[in-house]
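*Asks:* Starting from these lines, generate the structure:
(4 chains)
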2 protein chains.
Amino acid sequence: MRESATERLTVTAARLFQERGLNRVGINEIIREADVARMSLYNNFKSKEDLALAAYGAVSKSRQDAVDAAIAASDGPEAAILAIFDLAADLAGGASFRGCAFIDLAAHAAVDDARLIDLVRRHKSALRGRFSRLAERAGVADPEKTARQLLALWDGSLTDAFIEGDAAPVSAARCAAEHLLSQGK
Amino acid sequence: MRESATERLTVTAARLFQERGLNRVGINEIIREADVARMSLYNNFKSKEDLALAAYGAVSKSRQDAVDAAIAASDGPEAAILAIFDLAADLAGGASFRGCAFIDLAAHAAVDDARLIDLVRRHKSALRGRFSRLAERAGVADPEKTARQLLALWDGSLTDAFIEGDAAPVSAARCAAEHLLSQGK
DNA sequence: TGCTGATTAGACCGACTTGTCTATCTAGCG
DNA sequence: CGCTAGATAGACAAGTCGGTCTAATCAGCA
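*Replies:* Residues are numbered from 1 along each chain as shown, chains lettered A, B, ... in the order given. Presented below is the predicted three-dimensional model:
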């Protein structure tokens, strides 16, 4: 038997949401692409928001795993930070890249979608925390501030790469990260 | 007589779009807030997209004017760049701040809304151009690259300030800009 | 085989969207 | 005054959306 309906729905929704954004993908398209009946969706998830929560949660987890793997494979904290920016370059290079999926989600979520907004906040906070620990290990003077700067470079360069349709902002941001690390200590 | 319907519609739409995003504000709300009849909208604008184009165009112009004023009032290119980041801090400090309106617009615009996406591209390109000229005057080695880094800091810090609900990312980004300027020459 | 519980396709609902149309009203002007 | 051109409110069309419901079908198992 093929994988469960829950899993197929989550994976399909994650892909479509990343390709076009939460509000530009409807239930009908998701169930068609996932090859699942309408009621199977609502038997597994209470609502579209619940499905979105599961889908974006899975994306968040896989992104964090990729970051952790890059850190583990790197030789020292400075190299790890640069390796994380290489991940950004990979993202920005992909076809139909629409910028960071979580920034997109924050833009699409209504003010009352508290759980979705919380997910975005937790995702960004997790990345900032990793930057902060690496910056501390690298011996910079103010790791928290450096982490905020690295996160801004990450988010801004992914966004600009989306808007310009070119990955140049990401490599420029990587250079800026190098400078900040060599100077901030 | 009060100002024209076109102007009231443009101003009202600009405010509402910035408060909640293009797709979360409907025609009905705009005409109600602008105190204008439905048909007056469609006599002045071909469609909602045309109104959005006018509204965001006005916002873009006023933002660029503010940046130019900050540049003119500054003592030297480095100070001008920092003054631009002070503008970002003002934006991020406002109530109901939702991040850069043009990033939000890029997230909401469909792939086929070519004119809206173009507007975003031109807006960001204009800001990057100003950064580039200032960086050149400041004598950095690679003004284009420095401009990309400054733009990423600008966009990323505004986005993070929105997500976190706190202006701290913007002041951290300002510090990063200082570092980049002192090192990039 | 026959039973049971999950899954299916698709009709259906109500709310909402942008955009059109009409019939009425009003302001300016000769 | 009467005329005209524009503005008005609101009904309406056509479509989309998320979500519910039903009736038929299917798979697994005793």
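*Asks:* quick one: stretch A:99-111 to chain centroid distance?
*Replies:* In terms of C-alpha atoms, centre = their mean, to the nearest Å, the centre of stretch A:99-111 is found 10 Å from the chain centre.
*Asks:* what's the answer for stretch A:84-94, then?
*Replies:* Put simply, stretch A:84-94 sits 11 Å off its chain's centre (C-alpha atoms, centre = their mean).
*Asks:* quick check: mean pLDDT across that stretch?
*Replies:* Taken as a whole, stretch A:84-94 has a mean pLDDT of 95.
*Asks:* Any buried residues in that stretch, and which?
*Replies:* Neighbour-count burial for stretch A:84-94 flags A:I84, A:F85, A:L87, A:A88, A:A89, A:L91, A:A92 (criterion: 16 or more other C-beta atoms under 10 Å in any protein chain shown). Bear in mind the C-beta positions are built from the backbone N, C-alpha and C, glycine included.
*Asks:* and it, anywhere near chain B?
*Replies:* No: using C-beta under 8 Å from any C-beta of the partner chain, we find that stretch A:84-94 stays clear of chain B, coming within 10.5 Å at best.
*Asks:* hmm, back to that, out of the buried residues of stretch A:84-94, which are inside helices?
*Replies:* A:I84, A:F85, A:L87, A:A88, A:A89, A:L91, A:A92 (DSSP state H).
*Asks:* Surely the third one touches A:A69?
*Replies:* This means A:L87. No: using C-beta atoms under 8 Å, A:L87 makes no contact with A:A69, being 9.3 Å away.
*Asks:* Chain A: strands as residue ranges?
*Replies:* Ranges of strands in chain A, per DSSP state E: none exist.
*Asks:* and the residue of it nearest chain B?
*Replies:* A:G156 (2.8 Å; C-beta to the nearest C-beta).
*Asks:* Can you read off the pLDDT for that residue?
*Replies:* So, for A:G156, pLDDT stands at 98.
*Asks:* Over to A:G139?
*Replies:* Note on A:G139: pLDDT of 95.
*Asks:* What is the burial count for it?
*Replies:* Neighbourhood size, A:G139 [other C-beta atoms under 10 Å in any protein chain shown]: 12.
*Asks:* if I look at it, how far off is B:F102?
*Replies:* 37 Å (C-beta to C-beta, to the nearest Å).
*Asks:* Render the CA-only coordinates of stretch A:79-93 in PDB, please.
*Replies:* Output of stretch A:79-93 as PDB, limited to C-alpha atoms (Å, rounded to 0.1, in the frame of the first residue of the first chain):
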ATOM      1  CA  ALA A  79      32.800  27.700   8.400                       C
ATOM      2  CA  ALA A  80      29.500  26.500   9.700                       C
ATOM      3  CA  ILE A  81      27.900  29.900   9.300                       C
ATOM      4  CA  LEU A  82      29.200  30.200   5.800                       C
ATOM      5  CA  ALA A  83      27.900  26.700   5.100                       C
ATOM      6  CA  ILE A  84      24.500  27.800   6.200                       C
ATOM      7  CA  PHE A  85      24.600  30.600   3.600                       C
ATOM      8  CA  ASP A  86      25.500  28.000   1.000                       C
ATOM      9  CA  LEU A  87      22.300  26.300   1.900                       C
ATOM     10  CA  ALA A  88      20.500  29.600   1.100                       C
ATOM     11  CA  ALA A  89      22.200  29.800  -2.200                       C
ATOM     12  CA  ASP A  90      20.900  26.300  -3.000                       C
ATOM     13  CA  LEU A  91      17.400  27.400  -2.100                       C
ATOM     14  CA  ALA A  92      17.600  30.500  -4.200                       C
ATOM     15  CA  GLY A  93      19.000  28.600  -7.100                       C
END
